[in-house]
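*Asks:* Sharing a model that was predicted from the sequence below.
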Amino acid sequence: MTVQSFKRFTLVLLGSAALAAPSFAPMAQDHDHSAHSGEAEQVTVTEAEAEASRTLFSQYGCGSCHVMADANGYGSIGPAFDGNDALSVDHVNHVISEGQGAMPSFGGMVSDEEIETLSRYIVAKKAG
Ligand code: HEC
């Protein structure tokens with residue numbers, strides 16, 4: 001790459017970082033972004049939360065499309081949760097609420113609170 005194009009590239013990068021910063025900031029208040037730093041997110045759930053989440057997991061058929069042994073899920077239509085390093089609480093929460101590709105949205109069927117608990121449960125109890 002020429003010096004000229006490298007400079008332009010750097011400017012574009014700086015420009016987009018400046019644009020992204022203000023819109024990103026408000027989210028930082030209630031979301032944990034530690035998972036994006038590349039380290040495994042440390043998440044715990046109580047046994048009662050885990051039980052409630054296992055019930056939701058089977059009730060909403062998550063296990064017919066996703067592998068997660070702790071929740072008795074062995075479906076292979078979607079990505080497995082066991083051994084899946086891409087799962088942060090934020091990401092799981094977002095996909096359940098909004099859907100993603102062939103994944104149906106469960107927002108409106110399940111309360112935000114239940115989705116939050118289910119998301120923490122998946123990240124805390126998935127194998128690997
Ligand atoms: C009908 C099958 C189906 C059901 C039921 C289903 N999912 Fe999914 N899910 C998918 C598919 C397919 C994807 C991949 C979507 C994509 O990225 O295109 C996915 C993606 C996901 C992801 C993102 C995984 C990743 O590696 O990024 C999460 C988290 C998730 N689903 C959670 C759930 C939960 C929790 C439930 C139950 C409330 C559920 N899914 C029910 C099919 C399903």
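*Replies:* Now that the structure is in, tell me what you want to look at. Numbers count the residues shown, from 1 in each chain.

*Asks:* surely I115 meets M109?
*Replies:* No: look at I115 against M109 with Cβ atoms under 8 Å: they stay out of range, at 9.5 Å. All C-beta spots, glycine's among them, are computed from the backbone N, C-alpha and C.

*Asks:* Write out the residues of this protein neighbouring the ligand.
*Replies:* 60-62, 64-66, 77-79, 84, 86-87, 92, 95-96, 100-104, 106, 118 (Cβ under 6 Å from any ligand atom).

*Asks:* From the residues you listed, keep the buried residues only.
*Replies:* Applying 16 or more other Cβ atoms under 10 Å to the residues of the chain next to the ligand, the neighbour count classes 60, 62, 65-66, 78, 84, 87, 92, 95-96, 103, 106, 118 as buried.

*Asks:* Can you add pLDDT, distance to A50 and secondary structure and give the residues you listed back as CSV?
*Replies:* CSV is the format used below for those (pLDDT from 0 to 100; distance: Cβ to Cβ, whole Å; DSSP: H, G, I helix; E, B strand; the rest coil):
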residue, pLDDT, distance to A50, secondary structure
Y60, 95, 16, coil
C62, 98, 14, helix
C65, 98, 20, coil
H66, 98, 16, coil
G78, 97, 21, coil
N84, 97, 18, coil
L87, 96, 16, coil
V92, 98, 15, helix
V95, 98, 20, helix
I96, 98, 16, helix
M103, 96, 22, strand
F106, 97, 18, coil
L118, 98, 10, helix
